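**Student:** just coords:
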Ligand code: E4P
């Protein structure tokens, strides 16, 4: 399973990259709005840190606008993947961009059929949002299971990015299902490394080592 980070913060991206587990980055307009600077410069800086897919979202609602934005975004760096919302116009844009060899990540996927449509239109990635489904008392990971099954049924090569991850169990379930990618907020990446028994173990080993040193 590949690990992406879901942030536009360069410090968080550098820190996650330094652990040696970072395969890509997803951003969205909200995440970009939290950072200083021009979006184009932020995307460029991210691509210079991470050698993997970096999702940059188009904000037009009409497909011609999305295609125009997609072409501009793709020019920034070869790592850029154009994030397109799951709408009818979005699918038209995905088809056009795929024909031009520009990779897309169809975002805001909340049903398995949306994922299938996006894949058939030519998306390189689909992003089911599990946390936002959990928020409305629906089992988010069930959506991932269904998409995974459908893609397996038809040997679809579109990669599944499990998005809107809220906690480490979402990441564990992603791995158990066998989805391709989890895009994870920095806070959750930090939680993934932690276990109270690890901390307790380090404490007691160091305490015992003090006795060895004082021999
Ligand atoms: C994914 O690409 C999105 O940026 C993200 O996972 C959205 O998550 P949220 O529901 O925490 O905003």
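**Tutor:** Happy to help now that I have it. Bear in mind that the values here come from a model prediction, so they are computed numbers and not experimental data.
**Student:** which SS class is the residue positioned nearest the centre of the chain?
**Tutor:** Taking C-alpha atoms, centre = their mean as the criterion, residue 183 is the residue nearest the geometric centre of the chain, at 3.0 Å. When the structure is reduced to helix, strand and coil (DSSP: H, G, I helix; E, B strand; the rest coil), residue 183 reads as strand.
**Student:** give me the nearest residue to it, chain neighbours excluded.
**Tutor:** Sequence neighbours aside, residue 4 is the residue nearest to residue 183 in space, at 3.9 Å (criterion: C-beta to C-beta, 6 or more residues apart in numbering). Where you see a C-beta, it was placed from the backbone N, CA and C, and this is true even at glycine.
**Student:** right, is the strand or helix carrying residue 46 up against the ligand?
**Tutor:** Residue 46 belongs to helix 39-49 when elements are defined using DSSP states H and E. No. Legend: contact between helix 39-49 and the ligand by C-beta under 6 Å from any ligand atom is lacking; minimum distance shown is 13.2 Å.
**Student:** likewise stretch 168-187?
**Tutor:** Yes. Contact check for stretch 168-187 against the ligand, using C-beta under 6 Å from any ligand atom: residues in range are residue 183.
**Student:** contact partners of that stretch?
**Tutor:** Contacts of stretch 168-187 from elsewhere in the structure, counted by C-beta atoms under 8 Å, 6 or more residues apart in numbering, are 1-7, 9, 12, 15-16, 23-24, 26, 125, 127, 130-131, 140-141, 144-145, 147-148, 159-163, 165, 188, 191-192.
**Student:** got the end-to-end distance for stretch 107-127?
**Tutor:** The first and final residues of stretch 107-127 sit 5 Å from each other (C-alpha to C-alpha, to the nearest Å).
**Student:** centre of the chain to the longest helix along the chain, how far?
**Tutor:** The helix spanning the most residues in the chain, taking DSSP state H as the definition, is helix 196-213. Between the mean C-alpha location of helix 196-213 and the chain-wide mean there is a distance of 37 Å, by C-alpha atoms, centre = their mean, to the nearest Å.
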